[in-house]
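In: Any chance you can model this:
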Amino acid sequence: MISKTQGAKFIYSGVDFGNVEYRYSTKALAEKNIANLLHQFGDDFKLVEIDTHHSDQIKLINEIPDDPKINCDGIITNRRKLAIALYAADCLPLIIASDKIPLLGLIHIGTAGANLGIHKKAVKLATKNYEINVKDLKFYLGPHIKKKSYMHSELYQERFTDKLWSKYISKSNSHYFIDLTGFVTEGLVEVGIPRSNITISSVDTGSNAKYFSHRRSSTTGETEGRNGFMCALI
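Out: The predicted structure is shown next:
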């Protein structure tokens, strides 16, 4: 899918487009699929890739880096024609943009990053470093696993027993269901983002076979891969 909003262009791919992570296919095939995604922006766009580690680390990248692969879980930039790439299955890709100034961010959020407050940190970094009012930031929660698919037989992670998560976890028929969408959305609202500035993709990667899903592949045995997410100021 390709969409344009707030002076930015956002592209995401799924199973039909092909895997974009080296671990789940040959390196050559993954690189070819990444190049095809980048080509949809134009030949003069440069690529930077988020090398995810489920942390709260966000980098401000306003010049083209020597190494396109950045060890972090989020990038914010004001540079045009710099395509930020993220490769994920069920984790939440969070887009940050504004119609007031050139500003774009892409943040990788799983439950570990959410627990560390990476989404709130992104708001703080954007407002502090780009001198923008919090109410002028727009957010898009891209395709990710939704609560009905994010199921565990036990709460194996200690963080899920923390009171922070209490209202985002429900139990039914001996299974726990985790609401990552709600946790991130409410966290953004808590730091001053108007609900009207938050848009949420309806795609549930956990149940939609058009998208790669780590959780689904672990139960069905289907081929695992990663979806591609790219965005750039245009």
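In: Can you tell me how far the residue lying farthest from the centre of the chain is from Lys167?
Out: Farthest-out residue of the chain from its mean C-alpha position, per Cα atoms, centre = their mean: Asn173, at 30.2 Å. Computed as Cβ to Cβ, to the nearest Å, the Asn173 to Lys167 distance reads 20 Å. Just so you know, the C-beta spots here come from the backbone N, C-alpha and C atoms, and that holds for glycine as well.
In: again, but for Asn227
Out: Separation of Asn227 from Lys167 (Cβ to Cβ): 28 Å.
In: okay, the two: which has more neighbours?
Out: Asn227 (29 against 11; other Cβ atoms under 10 Å).
In: in what helix or strand does the most centrally placed residue in the chain lie?
Out: By Cα atoms, centre = their mean, the chain has its centre lying nearest to Pro93, at 1.2 Å. Following DSSP states H and E, one finds Pro93 within strand 92-97.
In: contacting residues around Asp44?
Out: Taking Cβ atoms under 8 Å, 6 or more residues apart in numbering, we find Asp44 in contact with Lys81.
In: for it, helix, strand, or coil?
Out: Judged by DSSP: H, G, I helix; E, B strand; the rest coil, the three-state class of Asp44 is coil.
In: what residues are up against the closest residue to Pro194 other than its chain neighbours?
Out: Take Pro194 and drop its neighbours on the chain: the residue closest to it by Cβ to Cβ, 6 or more residues apart in numbering is Lys135, 5.9 Å away. Residues in contact with Lys135 (Cβ under 8 Å, 6+ apart) are Gly192, Ile193, Pro194, Asn197.
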